[in-house]
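*Asks:* Build me a model:
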Amino acid sequence: METLKHECGVAMIRLLKPLEYYHRKYGTWMYALNKLYLLMEKQHNRGQDGAGLACVKFEAAPGEEYMFRERAAGTDAITEIFDTVYSYYKEIPAERLSDPQFAQANLPFAAELYMGHLRYSTTGKSGLSYIHPFLRRNNWRARNLALCGNFNMTNVHSIFKEITATGQHPRQYADTYFILEQLGHLLDREAERLFRKYEAEGMQGREITCAIEENIDLTHVIGKAASTWDGGYVICGVTGSGESFTVRDPWGIRTAFYYADDEIIVTASERPVIQTVMNVQADDVKELQRGEALMVNRKGEMRTVQLLERKPLSACSFERIYFSRGSDRDIYRERKRLGENLVDSILKKVDYDIEHTVFSYIPNTAEMAYYGMMEGLQKHLDRLISEQLSGRGASLSEEEIRRIFAQRIRSEKVILKDIKLRTFIAEGNTRNDLAAHVYDITYGSITPHVDNLVIIDDSIVRGTTLKQSIVSILDRLHPKKIVVVSSSPQIRYPDYYGIDMSSMGEFIAFRMAIELLISRGMEHVIIDTYNKAKQQQGQPEDSIVNCVKDIYAPFTDEEISDKMAQMLSGEDIHADIEIVFQTLDGLHEACPDHPGDWYFSGDYPTQGGTRLVNQAFIHYVEQSYLKRGRRII
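*Replies:* Got it, this is the predicted structure:
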């Protein structure tokens, strides 16, 4: 499996009772803090570059801290930040530590409102300064803002123009920082509006501050800012006065779920995470709808608001194929269906020779698609047995009946992920040799030179792991044929909504299409596409089209798959290589509620995505194609 950079993950908790309530009922005032740890740990798959948390203490006296934040970088960031938080309590006497009133008055991170974030870089940048939550400070509690999210904006340039036009001078050029300052500026304006209103009504000093904190409405702030955003996002925020929000993009690209009862409100990026941590049923967890915001005010009153007009649904299909936890009820069924949909194509590749074919999968994310594939194969075998029996009737001998019922779908644990090798220390052929040993095989699992081997994966992105590790190690078993199956369609286009897949040249499908154009004397298509993309630069967003589709237009899916198989074959590979991809129709049939397929179809839900894919192609041609003697390296 070629690891993709995942989306980020978010988690929020709002307690609706005093800390003493949770201490009495659950045995600790750290109830919310412990739940936040679980919510984050169970979304660890969504962020291994870093993690952070922030919280708000509602009843702090003037002169005392009321917003706390902790962040750490690296794969062990969750453990590190919670170790740091809990370390504040190590020297506290037991009787004090077990007193929720003492904790609320004196201890850091003893709070009512928590927000957590798990980061996967979508920019290639790392370090503590890039890790959420971001924090904007002010002497008035209502103007303090902590922000985190799972997002990537495609119109950073226009957001930059919008905030600089107000007179601001950003210190960084990054979408997270811009959104923080954009929201912060609007939050300031809203607080000032209320200040003038209450001052005109005769209020003074602390009375005005309390009135602002009790009545500030973030829907005006979030709605105005979000109307300028183009991209996929779930953005969460908390203010120092106890307001909180979660807002989802109007196309529904990114996901957010929430659960609420009379004790707690919980938000996370994935439904099964909330189910497990809160021990609730799937139907108890609600999905935040596209363009919708979940708002909770200082009093703990929750409401959902349709902040933005809903756009055509473009919920990310890759969430279902790969990113989200497969323990979700619906995702589990969908991944199995993706595997089952491939059965007919697989059988054709092995000439329907079930007797001499072994089926397996690339661990571990393809396991569920594998189960679906196996169920589909069993259905095929059941039909085959029925036909064999019905055609002969009473004329079958006892031996023939035993032979018919002895037919089995052969499944084996052929390949396993062995170790995480640090191949970066090696170069050239040495590096490739090390990479070939990332996976290991089960010797004796197939009959050499007789059996076909079908191996299913969830996706084929770059092809490097497939070529250097998987195919080369599987060939040592000496199968007659290796059929590599992808439960997703060919990944042809970059993502610009929160996943680190932004370079054209890294996609094996794209490289093979370019090679086909070159080998067939059709290089003019590359230059014509480049010129079309250049001509669209500076044009109005609504007139831009995805020019890169022209690169794939001359070829069928099968031609590109065959070219990949040819690339994977070589003098050192003895088995015949075949590749089977999911079709777009098969994807949509399996995942009907998540039609966002821009990775495969090039149909971006926002104009910002279309503009960026054209820019990526221009960059590819100028940096890789023309500058290298018009050859692909």
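*Asks:* going forward, measure contacts and count neighbours with C-alpha atoms only.
*Replies:* Noted.
*Asks:* Going by residue numbers, what spans are strands in the stretch 151-300 of the chain?
*Replies:* For the stretch 151-300 of the chain, applying DSSP state E, counting those that start in this stretch gives strands covering 231-239, 244-248, 257-260, 264-268, 286-287, 292-296.
*Asks:* Direction included, what does the last one pair up with?
*Replies:* If I follow you right, that is strand 292-296. If you go by DSSP bridges, strand 292-296 pairs up with strand 244-248 (antiparallel), strand 302-306 (antiparallel).
*Asks:* okay, these in JSON lines with mean neighbour count next?
*Replies:* JSON lines is the format used below for the strands paired with strand 292-296 (neighbours: other C-alpha atoms under 10 Å):
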{"stretch": "strand 244-248", "mean neighbour count": "27"}
{"stretch": "strand 302-306", "mean neighbour count": "15"}
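*Asks:* could I get the ones you listed as a markdown table with mean pLDDT?
*Replies:* Output for these, formatted as a markdown table (pLDDT from 0 to 100):
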| stretch | mean pLDDT |
| --- | --- |
| strand 244-248 | 98 |
| strand 302-306 | 97 |
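*Asks:* hang on, isn't G237 packed against L145?
*Replies:* Yes - with contact defined as C-alpha atoms under 8 Å, G237 counts as touching L145 (6.8 Å).
*Asks:* Is it correct that V10 is in contact with P133?
*Replies:* No - contact criterion C-alpha under 8 Å: V10 and P133 do not qualify, at 9.9 Å.
*Asks:* Comparing these two, which shows the higher neighbour count?
*Replies:* V10 (32 against 29; other C-alpha atoms under 10 Å).
*Asks:* next helix or strand past the one helix or strand in the chain whose mean pLDDT sits lowest?
*Replies:* Scoring the helices and strands of the chain by mean pLDDT, DSSP states H and E places helix 428-435 at the bottom, with a mean of 54. For helix 428-435, the following helix or strand on the C-terminal side (DSSP states H and E) is strand 439-441.
*Asks:* and that following strand, how far from the chain's centre?
*Replies:* Centroid separation for strand 439-441 versus its chain: 27 Å, with C-alpha atoms, centre = their mean, to the nearest Å.
*Asks:* elements contacting that strand?
*Replies:* For strand 439-441, the packing partners by 3 or more C-alpha pairs under 8 Å, 6 or more residues apart in numbering; DSSP states H and E come out as strand 415-417, helix 472-474.
*Asks:* so what sits against both of V10 and P133?
*Replies:* Shared contacts of V10 and P133, defined by C-alpha atoms under 8 Å, 6 or more residues apart in numbering, are found at 115-117, 148.
*Asks:* Give me the below-cutoff pLDDT ranges for the stretch 1-150 of the chain.
*Replies:* Within the stretch 1-150 of the chain, the ranges that satisfy pLDDT under 70 run 1-7, 47-48, 121-127.
*Asks:* oh sorry, the question was meant for the stretch 301-450 of the chain
*Replies:* 391, 393, 418-437.
*Asks:* Let me see the ranges of the helices in it.
*Replies:* 317-318, 329-340, 343-349, 367-392, 398-405, 428-435 (DSSP state H, counting those that start in this stretch).
*Asks:* Out of those helices, flag the one nearest V461.
*Replies:* Nearest to V461, of all the helices of the stretch 301-450 of the chain, is helix 317-318, at 12.3 Å by C-alpha to C-alpha.
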